[in-house]
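K.L.:
build me a model from this:
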Amino acid sequence: MDSIKGKILSIIIPVYNEELNIQPILNDLLDVCNKLQAIPEIIFVNDGSNDNSLMLLRQIAEKNKNIKVISFTRNFGHQAALTAGLDCALGDCVVTMDCDFQDPPEVIYKMVEKWEQGYKIIYGRRTFRHDNFLKKITAKLYYKILFKASEIKIMGNIGDFRLIDKSVVNELRQMKEKNRYLRGMVPWLGFKYEIVDYERPKRLRGSTGFSITKMLRFAMAGILNFSLFPIRIGLVLGIFIIITGFLFLLYLAIRFFFDNQFYKLLEWLAVVNYILIGFLFILIWIVAEYIGRIYDEVKQRPLYIVENKINFDNENISA
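P.N.:
Predicted coordinates:
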């Protein structure tokens, strides 16, 4: 079994307008590393913040060389920020978490304990979340759909709060897709995993940078990146329409031959065609989503652009 004592524990934290949370989360994480007797490597990834987050991070990094900062030229998104941290992390194990205290630092103790038992991936699972009713319901529904639809089973109430072994990090670095969904990419690797349950607290400071638009894009990434279910909807709809079409023809034939009932067939066909046009638009949209993702991959643009790095010149970590 591995032991964390004397080894590097890397912690990656995306930052987007989190000036009120940076120092408090840092203090707690340094305390966690100290109690674990681990060498800390705390990587803050500034994802295009427009408050004083970057200035504060620079001040902190000047005082402690184990605090590292990656700053993007603009906002590239949460998954890109996590990826940038993973690309640079030196740790024997790596924790990814948010800056808003909704991923409690004290849970890291349990994660490290499971890692020392030989598990390569330890997920943090939210047993309860202090969100509004609508967000709870939509999250529950989304994870159910994702679990049923995905080729790789992605469990519900598991976000990006996780601990992964350096061997897992090395494999993730080989995955070059631009449309990142780490919640699916990590289980896809197939490593031995364990789950640590925790209660997700309320955000105490600041406001979330995850808008409804970003959440919808993120949800679509999970479904489209790890499932062929949307494309297969076309098959289901096609079979349904063929069967109902034959039933409709059978109904018309029975009424025509036995009840002498006359129907204006063109009127019915106009309605049916109208409905089918709606189905075709949906199917075209689904195919377009996949084509759009292929287009993004073919362009081979970088996932993120780094404006500057702090404390990465010397790759040695001090105890």
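
K.L.:
okay, residue 217: pLDDT?
P.N.:
Note on residue 217: pLDDT of 65.

K.L.:
repeat that for the one 4 residues further on.
P.N.:
The score at residue 221 is 63. That number is its pLDDT.

K.L.:
which residues of the stretch 51-200 of the chain fall in helices?
P.N.:
Using DSSP state H, counting those that start in this stretch, the helices assigned to the stretch 51-200 of the chain run over residues 53-63, 78-88, 107-116, 133-149, 166-173, 182-188.

K.L.:
comparing those by mean pLDDT, which bottoms out?
P.N.:
Among these, helix 133-149 scores lowest, at a mean of 65.

K.L.:
from the centre of this protein, point out the most distant residue.
P.N.:
Distance from the C-alpha centroid of the chain peaks at residue 260, with 60.6 Å (CA atoms, centre = their mean).

K.L.:
how close does that one get to residue 251?
P.N.:
Look at residue 260 and residue 251: by CB to CB, to the nearest Å, they are 15 Å apart. Glycine gets a C-beta too; all of them are placed from N, C-alpha and C.

K.L.:
of all the helices of the stretch 51-200 of the chain, which one is nearest residue 72?
P.N.:
When the helices of the stretch 51-200 of the chain are compared by CB to CB, helix 78-88 sits nearest residue 72, at 7.3 Å.

K.L.:
count the residues that sit near the nearest residue to residue 175 once chain neighbours are set aside.
P.N.:
Residue nearest to residue 175 in three dimensions, not counting chain neighbours: residue 185, with 5.9 Å by CB to CB, 6 or more residues apart in numbering. Using other CB atoms under 10 Å, the number of residues around residue 185 comes to 18.

K.L.:
make 685 the first number, not 1, from now on.
P.N.:
Okay, residue one is now 685; in that scheme the one you just asked about reads as residue 869.

K.L.:
my guess is residue 869 contacts residue 856, does it?
P.N.:
Yes. At 6.5 Å, residue 869 counts as touching residue 856 under the criterion of CB atoms under 8 Å.

K.L.:
ok, then the element right after the worst-scoring helix or strand of the chain on mean pLDDT?
P.N.:
Lowest mean confidence among the helices and strands of the chain (mean pLDDT, DSSP states H and E): helix 896-909, at a mean of 62. Counting by DSSP states H and E, the next helix or strand C-terminal to helix 896-909 is helix 913-942.

K.L.:
other SSEs contacting that next one?
P.N.:
Under the contact definition 3 or more CB pairs under 8 Å, 6 or more residues apart in numbering; DSSP states H and E, helix 913-942 sits against helix 817-833, helix 896-909, helix 949-983.

K.L.:
okay, angle between that helix and helix 949-983 too, please.
P.N.:
170 degrees (axes from the mean of the first three to the mean of the last three CA atoms, to 10 degrees).

K.L.:
tell me the mean pLDDT for helix 913-942?
P.N.:
The model assigns helix 913-942 a mean pLDDT of 72.

K.L.:
report the mean confidence score over stretch 969-982.
P.N.:
Per-residue scores along stretch 969-982 average to 74.

K.L.:
about what we covered before: mind checking which of the helices of the stretch 735-884 of the chain is nearest residue 711?
P.N.:
The closest of the helices of the stretch 735-884 of the chain to residue 711 is helix 737-747. By CB to CB, the value is 10.4 Å.

K.L.:
and that closest one, how far out from the chain middle?
P.N.:
27 Å (CA atoms, centre = their mean, to the nearest Å).

K.L.:
can you check stretch 932-946 too?
P.N.:
For stretch 932-946, the distance to the chain centre is 54 Å (CA atoms, centre = their mean).

K.L.:
keeping just the C-alphas, turn it into CSV.
P.N.:
Taking Å, rounded to 0.1, in the frame of the first residue of the first chain, the C-alpha atoms of stretch 932-946 are listed here in CSV:
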residue,chain,number,x,y,z
PHE,A,932,-53.7,3.8,-39.2
LEU,A,933,-54.0,2.1,-42.6
LEU,A,934,-55.6,-0.9,-41.0
TYR,A,935,-58.1,1.3,-39.2
LEU,A,936,-59.0,3.2,-42.4
ALA,A,937,-59.4,-0.1,-44.3
ILE,A,938,-61.7,-1.6,-41.7
ARG,A,939,-63.9,1.5,-41.6
PHE,A,940,-63.9,1.7,-45.4
PHE,A,941,-64.9,-1.9,-46.1
PHE,A,942,-67.2,-2.6,-43.1
ASP,A,943,-68.7,0.8,-42.2
ASN,A,944,-68.7,2.6,-45.6
GLN,A,945,-66.9,5.5,-43.9
PHE,A,946,-65.2,7.9,-46.3
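
K.L.:
mind checking the end-to-end distance for stretch 766-785?
P.N.:
In terms of CA to CA, to the nearest Å, the two terminal residues of stretch 766-785 are separated by 17 Å.

K.L.:
buried residues, it. List them.
P.N.:
The neighbour-count check on stretch 766-785 (16 or more other CB atoms under 10 Å) flags 766-785 as buried.

K.L.:
turn the helices of the stretch 735-884 of the chain into TSV, including distance to residue 981.
P.N.:
Below are the helices of the stretch 735-884 of the chain laid out as TSV (distance: least, CB to CB, whole Å):
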stretch	distance to residue 981
helix 737-747	31
helix 762-772	15
helix 791-800	33
helix 817-833	21
helix 850-857	17
helix 866-872	14
